[in-house]
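show me how the following folds:
(one chain, ligands or ions: 1)
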Amino acid sequence: MTNSRPAVELRDLHKTFGAVQAVRGVDLTIQRGEVVALLGPNGAGKTTTVDLMLGLGTPTEGSVEIFGMTPRRAVQHGLVSAVMQTGGLLKDLTVAETVDLTASLFSHSRPTRECLERAGIADLADRRVAKCSGGQQQRVRFAMALVSDPALVLLDEPTSGMDVEGRRSFWEAIHADADRGRTVVFATHYLEEADQFADRVVLMSRGQIVADGTTAHIKSLVSGSLVRASVEGLPEAEVAAQVRALGDRADVSAVERLGDHVVVTTSDSDAVARHLLGTTALHHLEITNRGLEDAFLALTGDTARTGDAAQTGDINETTATEGALR
Ligand SMILES: Nc1ncnc2c1ncn2[C@@H]1O[C@H](COP(=O)(O)OP(=O)(O)OP(=O)(O)O)[C@@H](O)[C@H]1O
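As a prediction, this is how the structure comes out:
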């Protein structure tokens, strides 16, 4: 590859399907070597965006450049390849035969053995695809994607349906490979996956980017920390006065009374803690930082979460609500 253009440049990208505005004005630049998660709930526009990067659709408005060229040219030059969720595998072939077959489609390809090693499945070379687990089959797809030694790999929800161990070993293989400088962009609705495996998270909701940065940056966008204090044993009038005083502070964005506790959302937990301990009778303080999940909920306006999803960090089963998101 000769030019030094970014791996991905999306400018004012729009895609509509009839009345549905799947992507609504996305501007995004991804530099070479970045590992980027496109994170968002169902219908956020992640798959549509990935498809446009692969040249599988044409933008309604705006532009897509991959290494400074059209997606189609980038694909033809073997600069970009994809790992999709399903399909593309012939179950009767062995793993090595599958990668050999893919290599036969390219004029220049990496040796099959090397692709299998990079995908972490060299030991499965002679196993029939039908006998591979879901996670192993995804690594077969990854090995196929590596055949052209692409500078950019796009993965659309590659670990959907895998168990925790399958996901972990899949991402280990991707990461070991990305450490050599490959650009990786993956769509996911797993918060944990974005948190653990991406250098940068692009949070999408309703066809738009609502946050973009490291997970630490995204967490910091939702104001600060929670300070929880007990009001047990205090006269009701005093508690009410304290709650009012807390609500008047510039560094406090919310005060909630929950049973015997007051929960304060603040941008300066140290200052609030000092105030509570120094000048009030509130006691048993607990301070917690808000996580990526809180950021996700705040930034996407996503309120209808299932209990399981909340526990596992899987936001697939959620419904994004209407709201101003940026
Ligand atoms: N070919 C199509 N025809 C009509 N509507 C479509 C088409 N493809 C996508 N959409 C709609 O565009 C919106 C964005 O869909 P998209 O698949 O890009 O979202 P996503 O973030 O990938 O969601 P998921 O996590 O469910 O895969 C959705 O409302 C979807 O129903």
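
for this structure, what lies in contact range of the ligand?
17, 20, 22, 40, 42-48, 187, 189 (Cβ under 6 Å from any ligand atom). (Glycine included, C-beta is placed from N, CA and C.)

neighbour count, secondary structure and pLDDT for those - can I get that in TSV?
Shown next, in TSV, are these (neighbours: other Cβ atoms under 10 Å; DSSP: H, G, I helix; E, B strand; the rest coil; pLDDT from 0 to 100):
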residue	neighbour count	secondary structure	pLDDT
17	11	strand	96
20	11	strand	95
22	21	strand	97
40	31	coil	89
42	14	coil	86
43	16	coil	89
44	27	coil	92
45	25	coil	95
46	25	helix	94
47	18	helix	93
48	24	helix	96
187	27	strand	93
189	23	coil	84
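
what's the closest of these to residue 240?
Closest approach to residue 240 among those (Cβ to Cβ): residue 40, at 40.6 Å.

how much space separates that closest one from residue 164?
Using Cβ to Cβ, to the nearest Å, one obtains 22 Å as the distance from residue 40 to residue 164.

where is the longest helix in this structure?
Longest helix in the chain by number of residues (criterion: DSSP state H): helix 164-178.

just the mean pLDDT for that helix, thanks.
What helix 164-178 shows for mean pLDDT is 82.

distance between it and the chain's centre?
Per Cα atoms, centre = their mean, to the nearest Å, the displacement of helix 164-178 from the mean C-alpha position of its chain is 15 Å.

and it, what does it pack onto?
Judged by 3 or more Cβ pairs under 8 Å, 6 or more residues apart in numbering; DSSP states H and E, the packing partners of helix 164-178 are helix 112-118, helix 134-145, strand 183-188, helix 191-197.

flag every buried residue along the first one.
Applying a neighbour-count criterion of 16 or more other Cβ atoms under 10 Å, one finds 112, 114-118 buried in helix 112-118.

any chance of TSV for these, columns pLDDT?
Formatted as TSV, those follow (pLDDT from 0 to 100):
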residue	pLDDT
112	95
114	92
115	93
116	94
117	91
118	86
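
distance to residue 174 added to those, as CSV?
Output for the buried residues of helix 112-118, formatted as CSV (distance: Cβ to Cβ, whole Å):
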residue, distance to residue 174
112, 19
114, 16
115, 13
116, 14
117, 14
118, 10
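
could you measure from the nearest residue to residue 247 once chain neighbours are set aside over to the ligand?
Leaving aside its sequence neighbours, residue 247 sits nearest to residue 255 (Cβ to Cβ, 6 or more residues apart in numbering; 4.8 Å). With distances taken as Cβ to the nearest ligand atom, to the nearest Å, residue 255 is found 35 Å from the ligand.

so what does residue 255 look like in phi/psi?
Backbone torsions of residue 255, given as degrees, to the nearest 10, read phi -130, psi 130.

could you measure from it over to residue 77?
Noted for residue 255: a distance of 58 Å to residue 77, by Cβ to Cβ.

of those two, give the one with the bigger neighbour count.
Taking other Cβ atoms under 10 Å, residue 255 and residue 77 do not tie; residue 255 has more neighbours (20 against 15).

name whatever forms a beta bridge with the more buried one.
residue 264 (DSSP bridges).

was I right about it contacting residue 266?
No. Counting by Cβ atoms under 8 Å, residue 255 stays clear of residue 266, with 9.2 Å between them.

where does the stretch 101-250 of the chain have low pLDDT?
Where the stretch 101-250 of the chain drops to pLDDT under 70, the residues are 222-223.

show me the contacts for residue 67.
By Cβ atoms under 8 Å, 6 or more residues apart in numbering, the contact set of residue 67 is 1, 3, 5-7, 74, 79-80, 151-152.

neighbour-wise, which one of those residues leads?
Neighbour max across the contacts of residue 67 (other Cβ under 10 Å) = residue 80, 28 neighbours.

OK, contacts around it?
Here residue 80 is in contact with 53-54, 66-67, 71, 74, 150-154 (criterion: Cβ under 8 Å, 6+ apart).
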